[in-house]
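**Student:** Quick check, what structure comes out for this input:
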Amino acid sequence: QVQPVESGGGSVQAGGSLRLSCAVNKGPICKYDMMWHRQAPGKEREFVSGIDSDGRTTYADFVKGRFTAAQDNAKMTINLQMNSLQPEDTAIYYCRRRARRPCLDDTWGQGTQVTVSS
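**Tutor:** Numbering: from 1, shown residues only. Coordinates of the predicted model:
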């Protein structure tokens, strides 16, 4: 399977913004749920946000009101607009593509680093 490919990470000061993008690289037949996860140093990977195959978005409580997920069907990408970033948002952010049954595909991107300084 071709991996999703993330871009847009970088370094920013607290209170700043970044926009992540993910080239989904999905096939034309299956329905997919797309998700963003993150992993901070010494911590487990955690869910951040998702867009399901019907376009509905979900967010972890710790990003509600600050992060916004959207999909660009023309570009076959999903984006994560991150505002009011805080040092605790520092992590590697991963894009995940998961197919709905009966398709079998659960593929992660390699991640993009987000660093927020105080």
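
**Student:** all contacts plus neighbour counts: C-alpha atoms, from now on.
**Tutor:** Noted.

**Student:** Under a three-state scheme, what state does the residue located most distally from the centre of the chain occupy?
**Tutor:** Summary for the chain: using C-alpha atoms, centre = their mean, the residue whose C-alpha lies farthest from the chain's mean C-alpha position is Pro102, with a distance of 23.8 Å. Here Pro102 is recorded as coil under DSSP: H, G, I helix; E, B strand; the rest coil.

**Student:** Please list all residues in contact with it.
**Tutor:** Contacts of Pro102 were listed using C-alpha atoms under 8 Å, 6 or more residues apart in numbering, and none were found.

**Student:** can you check the one 10 residues further on too?
**Tutor:** Counting by C-alpha under 8 Å, 6+ apart, Thr112 touches Glu6, Ser7, Gly8, Gly9, Gly10, Ile92, Tyr93, Tyr94.

**Student:** Over to Arg96?
**Tutor:** Arg96 sits next to Pro4, Met34, Met35, Trp36, His37, Asp106, Thr107, Trp108, Gly109 when contact means C-alpha under 8 Å, 6+ apart.

**Student:** name the helices or strands packed onto whatever helix or strand the fourth one lives in?
**Tutor:** If you go by DSSP states H and E, Trp36 is part of strand 32-39. With contacts defined as 3 or more C-alpha pairs under 8 Å, 6 or more residues apart in numbering; DSSP states H and E, strand 32-39 has these neighbours: strand 46-51, strand 91-99.

**Student:** so what strands line up beside it?
**Tutor:** Each strand that strand 32-39 pairs with, and the sense of that pairing, follows from DSSP bridges: strand 46-51 (antiparallel), strand 91-99 (antiparallel).

**Student:** Just name the most buried of the ones you listed.
**Tutor:** With neighbours taken as mean count of other C-alpha atoms under 10 Å, those reach their highest mean count in strand 91-99, at a mean of 23.

**Student:** Now that one: average pLDDT?
**Tutor:** For strand 91-99, the mean pLDDT works out to 97.
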